[in-house]
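Student: What follows is a predicted protein model with its sequence.
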Amino acid sequence: MSTSMDPDSVGGDFADGGVLTTDFFVAWFDDIAKQVRLQRERLTALDAAIGDADHGTNLDRGFTEVGKALTDSPPTSPGQALLSAGTTLIRRVGGASGPLYGSAFRAMGKAVEEPVTLAGFAAAFDAGVVAVEQLGKAVPGDKTMVDALVPASRTLALAVRDGVGVREAFELTARAAEEGARATIPLRARKGRASYLGERSIGHEDPGAASSALIVASLATVAAVGS
């Protein structure tokens, strides 16, 4: 999947409150796939330390399939793009990451309203995070992807409240997700396979939090291209 980004096609000047079009979401998934591929070995290495060493491989396969799905059946709306991606991940990715990310994107697809403003995206993003929390039965501090996603969602909501433009809002959100992922290093895992390691899970970054930060960072990358 490859998308040539025209500033007008994704809402023009984000600083002036441009909307996020279908092309923006397709480009988002395109960049996620590229970044996952680049970071596949790192994600797998993180998972090898406290999981079953397949996180990077699974996500690479999953987002490659998302790209094929969006190319074979081009979405006509942001919601359709999100639903297609979510359904593909649930069907194609093994382990916990497929259902969790798939449920997040499907929840976003159901919640998003057009035209997609920053406020609308923030509300949909929060719906996706809630879906992850509910499915994984995890809260911040459990050493899971929630530790990156919750601060990202809160930061995005604050950016909306403060009237921050799209590009800056996504940059702040990406920074919060990255900080949240790094903050999992000293934590003891309380959920998932890593929880079986007990104290041995301390000192390792959670792979799900790391991949969540990567996914959020792609928002900032695509916004920068389209601004």
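Tutor: Here it is on my side, so go on.
Student: How is the residue of the chain positioned farthest from its centre assigned, secondary-structure-wise?
Tutor: For the chain, the residue at maximal distance from the C-alpha centroid (C-alpha atoms, centre = their mean) is E199, at 28.1 Å. Three-state assignment for E199 (DSSP: H, G, I helix; E, B strand; the rest coil): helix.
Student: so what pLDDT did it get?
Tutor: On pLDDT, E199 comes in at 81.
Student: How many residues are close by the closest residue to it other than its chain neighbours?
Tutor: Distance criterion C-beta to C-beta, 6 or more residues apart in numbering; nearest residue to E199, sequence neighbours excluded, is R188 at 6.4 Å. C-betas here are computed from N, CA, C, even on glycine. Using other C-beta atoms under 10 Å, R188 is surrounded by 16 other residues.
Student: Quick check: phi and psi at R188.
Tutor: For R188, the backbone dihedrals (degrees, to the nearest 10) come out as phi -90, psi 130.
Student: Would you mind measuring from it to A159?
Tutor: As defined by C-beta to C-beta, to the nearest Å, R188 lies at a distance of 31 Å from A159.
Student: so where's the protein shaky on pLDDT?
Tutor: 1-17, 196-197, 226-227 (pLDDT under 70).
Student: just the helices in it please.
Tutor: 22-38, 40-50, 55-72, 78-92, 97-111, 118-136, 146-161, 166-182, 207-226 (DSSP state H).
Student: can you put those in a markdown table and add mean neighbour count and distance to S195?
Tutor: A markdown table is the format used below for those (neighbours: other C-beta atoms under 10 Å; distance: least, C-beta to C-beta, whole Å):
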| stretch | mean neighbour count | distance to S195 |
| --- | --- | --- |
| helix 22-38 | 22 | 25 |
| helix 40-50 | 19 | 9 |
| helix 55-72 | 21 | 16 |
| helix 78-92 | 22 | 23 |
| helix 97-111 | 23 | 15 |
| helix 118-136 | 20 | 12 |
| helix 146-161 | 23 | 14 |
| helix 166-182 | 22 | 18 |
| helix 207-226 | 24 | 13 |
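Student: Any idea which of the ones you listed gets closest to A194?
Tutor: Nearest to A194, of all the helices of the chain, is helix 40-50, at 4.0 Å by C-beta to C-beta.
Student: for A33, what are its contacts?
Tutor: A33 is in contact with 1, 60, 63-64, 66-67, counting by C-beta atoms under 8 Å, 6 or more residues apart in numbering.
Student: so which of these comes closest to A210?
Tutor: When the contacts of A33 are compared against A210 (criterion: C-beta to C-beta), the nearest one is D60, at 13.8 Å.
Student: My guess is the closest one contacts Q39. True?
Tutor: No. With contact defined as C-beta atoms under 8 Å, D60 does not reach Q39; the gap is 9.0 Å.
Student: I'd like the distance from E114 to A169, if you could.
Tutor: E114 is 19 Å from A169, by C-beta to C-beta.
Student: And A157, by the same measure?
Tutor: Taking C-beta to C-beta, one finds A157 at 10 Å from A169.
Student: what's the answer for R91, then?
Tutor: Distance of R91 to A169, given as C-beta to C-beta: 32 Å.
Student: H204 - nearest residue in space that isn't next to it in sequence?
Tutor: Nearest non-adjacent residue to H204 (C-beta to C-beta, 6+ apart): A49, at 4.5 Å.
Student: contacting residues for S77?
Tutor: Here S77 is in contact with 22, 114 (C-beta under 8 Å, 6+ apart).
Student: Can you tell me the number of residues neighbouring R200?
Tutor: 13.
Student: whoops, I mixed them up, K137
Tutor: If we define neighbours as other C-beta under 10 Å, then K137 has 10 of them.
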